[in-house]
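Participant: A structural model of the following input is requested.
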Amino acid sequence: MPTDAETAAFEAGIKFGALYHQFAGTPVSADSADSLATAIEESIENQPYARDVTVSIDTDRLEKAADEHGYVELTGEYMAVEVVVDYDGIEAVAEMSMVDGYPLMELTTVEARNARE
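Facilitator: Numbering: from 1, shown residues only. Have a look, this model is predicted:
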């Protein structure tokens, strides 16, 4: 059986898999970035154990990359994301950011919530 910490880490990974593969390819512009970020956050927060999801879409980069129609397809290069999972008192925090040109998703902490409070 997995430990609670292992399950919390697994759940964080599931949230990122859903987030990235559900929303990658979505048409986005600088004007629609905030509403899309909110939709992504609220969608992923619906999943079990998701306590907080923060999505930041880089509108400056979107504007520079926009095609003649004023938008691009959403990819990891335009997003910074943090997912916080709370599984039975264990908090797992995972983040996604660009590292060497790749949208790297990594587990940053896994600890008992009372250890942070």
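
Participant: Now that residue 55 has come up, it's in contact with residue 81, right?
Facilitator: Yes: Residue 55 is within contact range of residue 81, at 5.2 Å (criterion: Cβ atoms under 8 Å). (Each C-beta comes from the backbone N, C-alpha and C, glycine too.)

Participant: any common contacting residues for these two?
Facilitator: residue 19 (Cβ atoms under 8 Å, 6 or more residues apart in numbering).

Participant: can you give me the strands in this protein?
Facilitator: Using DSSP state E, the strands of the chain run over 27-28, 50-57, 72-73, 79-87, 90-99, 102-112.

Participant: so of those strands, which one's packed in deepest?
Facilitator: strand 79-87 (a mean of 21; mean count of other Cβ atoms under 10 Å).

Participant: now for it, which elements pack on it?
Facilitator: helix 4-23, strand 50-57, strand 90-99 (3 or more Cβ pairs under 8 Å, 6 or more residues apart in numbering; DSSP states H and E).
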